[in-house]
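**Student:** Need a 3D model of the sequence below.
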Amino acid sequence: MESDRVESKGRESKRIGVISDTHGLIRPELFQALAGVDLIIHAGDIGSAETLRELGRIAPVIAVRGNCDRGELQEKLPERETVQIGNIRLYVLHSINELDIDPVAQGYGAVIYGHSHCPDETWKGGVLYLNPGSAGPRRFHLPVTAARLEVCGQSILANHIRFFD
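**Tutor:** The predicted structure is shown next:
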């Protein structure tokens, strides 16, 4: 099930914190990295409803469920979400392997996903594919990361934040 969320209209710049795969761990460094964002997008494997409440102390949160989210999170969170930020539509899901749309044909500016714990930023056909990596427990010797988006008009700028290598 997909729902449309409108978070902002107009040309003003919006800062979005993007995280995934916290698995119930909110690191103190994450609060500093997300300070000043207008919105947080969590791409699944959240870990607990308490994690969402903690993130909500920083900024409003839009989240999708991941393959490890059970119970309340599995019942209440969608598998996919469309977020409108000004003129840009973002498509959010947990695993890029389950992408069920053509983002270019449907006019999306970005696809946000997680699951692999591996940070990635790729542009294809004018669409940003962004995996923020894992902000939670370290896995497979991968870095602990999150990302920030700056959205203004038709422009999207992404950067990863590394907490630990």
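**Student:** drop to CA atoms for contacts and neighbour counts, all remaining ones
**Tutor:** Noted.
**Student:** Dihedrals phi and psi, residue 89?
**Tutor:** The phi and psi torsions at residue 89 (degrees, to the nearest 10) take the values phi -100, psi 130.
**Student:** So what touches the longest helix along the chain?
**Tutor:** Looking across the chain with DSSP state H, the single longest helix is helix 49-56. Helix 49-56 is contacted by residues 24, 25, 26, 40, 46, 61, 72, 73 when judged by C-alpha atoms under 8 Å, 6 or more residues apart in numbering.
**Student:** Can you say which of these are buried?
**Tutor:** Among the contacts of helix 49-56, those that count as buried by neighbour count (16 or more other C-alpha atoms under 10 Å) are 24, 26, 40, 46, 61, 73.
**Student:** Next SSE downstream of the helix or strand bottoming out on mean pLDDT in the chain?
**Tutor:** The weakest-scoring helix or strand in the chain, judged by mean pLDDT, DSSP states H and E, is strand 4-8 (a mean of 44). Counting by DSSP states H and E, the next helix or strand C-terminal to strand 4-8 is strand 14-19.
**Student:** Please point out which parts of that next one sit buried.
**Tutor:** 14, 15, 16, 17, 18, 19.
**Student:** For the fourth one, give me the pLDDT.
**Tutor:** Looking back up the chat, that one is residue 17. At residue 17, the pLDDT value in this model is 98.
**Student:** surely it meets residue 36?
**Tutor:** No. Using C-alpha atoms under 8 Å, residue 17 is not in contact with residue 36, being 9.1 Å away.
**Student:** Show the end-to-end separation of stretch 128-141, please.
**Tutor:** 25 Å (C-alpha to C-alpha, to the nearest Å).
**Student:** residues in contact with it?
**Tutor:** 18-27, 30, 109-114, 116-123, 143-147, 160.
**Student:** Just the ones of these in helices?
**Tutor:** Those of these lying in helices (DSSP H): residue 30.
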